[in-house]
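K.L.:
Give the three-dimensional model of this entry:
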Amino acid sequence: MLITRVMGYSNLTMFDENSNFLERLHALPSVPDVIFLDIQMQPYSGYEMLNMLRSDPTFQQSKIIAMTASVMATDVQAFKTAGFDGLIGKPIMRLVFPELLRQVLAGESVWFVS
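P.N.:
Now for the predicted structure:
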């Protein structure tokens, strides 16, 4: 709701589970600019999905942002080392998220722990 209704972006796809993750991404009409990965998703963790994406040349230009409720400031380095382009901690802060997304789309690094 925040991305589509408040921010006005209409090109949004959400997966409520991640089976056949890469096949479903390849079936989209365009390559996503930003991919948000919930670290706790199943059957694949955010780290496993990140590895799949980084191994696929199609998504080399996509920004891949980790999202999780269970993160501390000290965990940020682990996400960086894994290869994420950024982190947005949950719960999503409605007043902060639009600026964070603007920064990601502008190519800026975002490592936000709420």
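K.L.:
All the helices of the chain, residue numbers only.
P.N.:
Assignment of helices within the chain using DSSP state H yields the ranges 21-26, 46-55, 76-82, 97-105.
K.L.:
Of these, which is nearest residue 88?
P.N.:
Ranking these by distance to residue 88, with C-beta to C-beta as the measure, places helix 97-105 first at 5.7 Å. (Each C-beta comes from the backbone N, C-alpha and C, glycine too.)
K.L.:
The closest one packs against which elements?
P.N.:
The contact analysis (3 or more C-beta pairs under 8 Å, 6 or more residues apart in numbering; DSSP states H and E) places helix 97-105 against strand 34-38, strand 63-68, strand 86-89, strand 110-112.
K.L.:
a markdown table please, covering those and showing mean neighbour count.
P.N.:
Converted to a markdown table, the helices and strands packed on helix 97-105 look like this (neighbours: other C-beta atoms under 10 Å):
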| stretch | mean neighbour count |
| --- | --- |
| strand 34-38 | 18 |
| strand 63-68 | 21 |
| strand 86-89 | 22 |
| strand 110-112 | 18 |
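K.L.:
Distance to residue 80 and mean pLDDT for those - can I get that in JSON lines?
P.N.:
Converted to JSON lines, the helices and strands packed on helix 97-105 look like this (distance: least, C-beta to C-beta, whole Å; pLDDT from 0 to 100):
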{"stretch": "strand 34-38", "distance to residue 80": "14", "mean pLDDT": "94"}
{"stretch": "strand 63-68", "distance to residue 80": "10", "mean pLDDT": "95"}
{"stretch": "strand 86-89", "distance to residue 80": "8", "mean pLDDT": "94"}
{"stretch": "strand 110-112", "distance to residue 80": "8", "mean pLDDT": "95"}
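K.L.:
Check the gap between residue 92 and residue 103 for me.
P.N.:
As defined by C-beta to C-beta, to the nearest Å, residue 92 lies at a distance of 15 Å from residue 103.
K.L.:
Among the helices of the chain, which comes closest to residue 5?
P.N.:
Evaluated over those, closeness to residue 5 peaks at helix 97-105, with 11.8 Å, by C-beta to C-beta.
K.L.:
Contacts for stretch 86-96 next, please.
P.N.:
Contact with stretch 86-96 is made by 2, 6, 36, 63, 65-69, 71, 76, 79, 97, 100, 104, 109-114, as judged by C-beta atoms under 8 Å, 6 or more residues apart in numbering.
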